[in-house]
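S.K.: pasting a predicted model and its sequence here:
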Amino acid sequence: MIKLTWALVAEHVDEWTGDDIVQGAAVLEARVGAAVDASGMKPETVQNWRTDFLTPVVESLRTEGTAALARGESWSKAAGPFLACASSAS
């Protein structure tokens, strides 16, 4: 089992637990994307936020995070006001 947690500074905290890191990355992207979409920011700001913060973290989870979890290590990545962490859940 994998536990994935994330936070948007002063805005939103959430988590997901499951067996498939690909699914976890999709959940992370969808839930954070929904929170950002609902934030009231201008559409161009939302797009920049996704490009500058969300995408780098999700891509890191899919690559470095997957590799770290396979080695039994935890993973974390921050970009601006966004932080995500993944580890094995006992």
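M.R.: Perfect, I can see it now.
S.K.: and the longest helix that the chain contains, what does it pack onto?
M.R.: Of all segments of type helix in the chain, defined using DSSP state H, the longest is helix 21-37. Helix 21-37 makes packing contacts with strand 2-8, strand 12-18, helix 43-49, helix 55-60, strand 82-88 when contacts are defined by 3 or more Cβ pairs under 8 Å, 6 or more residues apart in numbering; DSSP states H and E. Backbone N, C-alpha and C define where each C-beta goes, glycine included.
S.K.: between those, which gets nearest to Arg31?
M.R.: strand 12-18 (5.6 Å; Cβ to Cβ).
S.K.: show me what counts as buried in that closest one.
M.R.: In terms of neighbour count (16 or more other Cβ atoms under 10 Å), strand 12-18 has its buried residues at 12, 16.
S.K.: how about the residue of the chain most remote from its centre, what does it touch?
M.R.: What lies farthest from the middle of the chain is Lys42; by Cα atoms, centre = their mean that is 21.7 Å. Contacts for Lys42 (Cβ atoms under 8 Å, 6 or more residues apart in numbering) come out as none.
S.K.: if we go to 10 Å?
M.R.: Asn48 (Cβ atoms under 10 Å, 6 or more residues apart in numbering).
S.K.: dihedrals phi and psi, it?
M.R.: Phi and psi for Lys42, reported as degrees, to the nearest 10, are phi -60, psi 150.
S.K.: what about Ala70, how many neighbours?
M.R.: For Ala70, the neighbour count with other Cβ atoms under 10 Å is 9.
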